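Q: What follows is a predicted protein model with its sequence.
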Amino acid sequence: MSLPDQATRPLEPAGPAPGREAALGWLLGILAGLLGLGPWLITGSQLPLQNLWGTEVLPEQMPVSLLPLSQYELTALVVLLTTGGAAAGLAVRIWNPARRRLVTWCAAAGVLAVQFTAAVQSFTVLDGGLTDGTMAGLYFAGLLGGVIACIAASLVAFVLLASRRRALVALGAGLMAVPLTSWAMEWVVGSVGQTNIPVLVPSVARWVPAILVGCALAWCGLRPARRAVVWLADLALLWVVPALFISVNYVLGTRALAGDLKEMLLMSRQILAATLGPDGGALPTVLLALAIAMAGLGIRSVAARRRPGNPSVNEAGPQSGDQAGTQASPTP
């Protein structure tokens, strides 16, 4: 009597246990969140001096804060928090786990756990040291709203860069090009100090976002034609985001306008218009990104034509990035 087919059929190797993948996703999110805060943590994490602090203290006497809460450090908060989410999303994209949805949720939870913990600790310290009064309350509420917005932007970056679709990943790269470069600069400042930065570093850093955007667009491609929207969005982000950073740093860093919301809004509009204008310096970086993207498309086209056994390659085909990743890993 022959054994049933099921008994003689070899066992298929089982995939990783769900609990193990969930734990790895959670750990990945925590590490990414800490990596994002890294440039601030290596400085000693002392709260910046506050104009509304209740007592007179020296900078080294300020308490430890996991976030640099200050109106002068708003762009630094954006950079530190969004980079954590972006790093986690990119790691999930590269990993491409079998239970992708489970790992994605766990990684996002890990990032949120780090950022929520850092926010609670930092605002507890800030609340304990600020003086009483309406201005202190407005200052606290403004910083809190800013940090919440930064965490939301971090989740947006996470979702975009964790996506299987090339267009969304390229859009996430365009969104994060300027913050990621600023994050790298924060590492340099935290390591060598503000006054010891080599002269060449800021000059090189100016062009890094354009290189990142250009490479991302070349990887994304222009087929199907709707991906042209991603190209326009990324180039627009490369133009607008640096102007926003400059405007915010200038306006919030001017103590003479502290509390005068009308004058602050007027100045912010003036600076933003100046930095977005033809004399703002953004056009060369946008043109560089476009040139790199077009050159990358040309290189990809030549390489595809020379590939043996593949005479006609259409980057919008069924195995081109967006759907290839979907077929490569089963849906949990």
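A: Structure's in. What do you need?
Q: how about the helix or strand that contains residue 86: buried residues?
A: Using DSSP states H and E, residue 86 sits in helix 74-95. For helix 74-95, the neighbour count (16 or more other CB atoms under 10 Å) marks 74-93, 95 as buried. C-beta: built from backbone N, CA, C; applies to glycine.
Q: Would you state the helices of this structure in chain order?
A: 5-8, 18-41, 74-95, 100-129, 134-162, 166-192, 200-220, 228-252, 261-276, 283-306, 324-328 (DSSP state H).
Q: Output the ones you listed as JSON lines; include the columns mean pLDDT and distance to residue 61.
A: Formatted as JSON lines, these follow (pLDDT from 0 to 100; distance: least, CB to CB, whole Å):
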{"stretch": "helix 5-8", "mean pLDDT": "48", "distance to residue 61": "73"}
{"stretch": "helix 18-41", "mean pLDDT": "94", "distance to residue 61": "18"}
{"stretch": "helix 74-95", "mean pLDDT": "95", "distance to residue 61": "21"}
{"stretch": "helix 100-129", "mean pLDDT": "95", "distance to residue 61": "11"}
{"stretch": "helix 134-162", "mean pLDDT": "94", "distance to residue 61": "19"}
{"stretch": "helix 166-192", "mean pLDDT": "94", "distance to residue 61": "20"}
{"stretch": "helix 200-220", "mean pLDDT": "94", "distance to residue 61": "31"}
{"stretch": "helix 228-252", "mean pLDDT": "90", "distance to residue 61": "24"}
{"stretch": "helix 261-276", "mean pLDDT": "75", "distance to residue 61": "30"}
{"stretch": "helix 283-306", "mean pLDDT": "92", "distance to residue 61": "41"}
{"stretch": "helix 324-328", "mean pLDDT": "43", "distance to residue 61": "52"}
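Q: winner for burial among the ones you listed?
A: helix 74-95 (a mean of 24; mean count of other CB atoms under 10 Å).
Q: Point out the other helices and strands that it packs with.
A: helix 18-41, helix 100-129, helix 134-162, helix 166-192, helix 228-252 (3 or more CB pairs under 8 Å, 6 or more residues apart in numbering; DSSP states H and E).
Q: of all the ones you listed, which lies closest to residue 219?
A: helix 166-192 (6.7 Å; CB to CB).
Q: elements contacting the closest one?
A: helix 18-41, helix 74-95, helix 134-162, helix 200-220, helix 228-252.
Q: Please identify which of the ones you listed is closest to residue 126.
A: helix 134-162 (6.6 Å).
Q: would CSV of the helices and strands packed on helix 74-95 with distance to residue 54 be doable?
A: Output for the helices and strands packed on helix 74-95, formatted as CSV (distance: least, CB to CB, whole Å):
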stretch, distance to residue 54
helix 18-41, 23
helix 100-129, 6
helix 134-162, 9
helix 166-192, 28
helix 228-252, 21
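Q: nearest to residue 57, of these?
A: Per CB to CB, nearest to residue 57 of these: helix 100-129, 8.6 Å.
Q: Which other helices and strands does that closest one contact?
A: helix 18-41, helix 74-95, helix 134-162.
Q: got the angle between the shortest one and helix 228-252?
A: Between the axis of helix 74-95 and that of helix 228-252 there is an angle of 150 degrees, by axes from the mean of the first three to the mean of the last three CA atoms, to 10 degrees.
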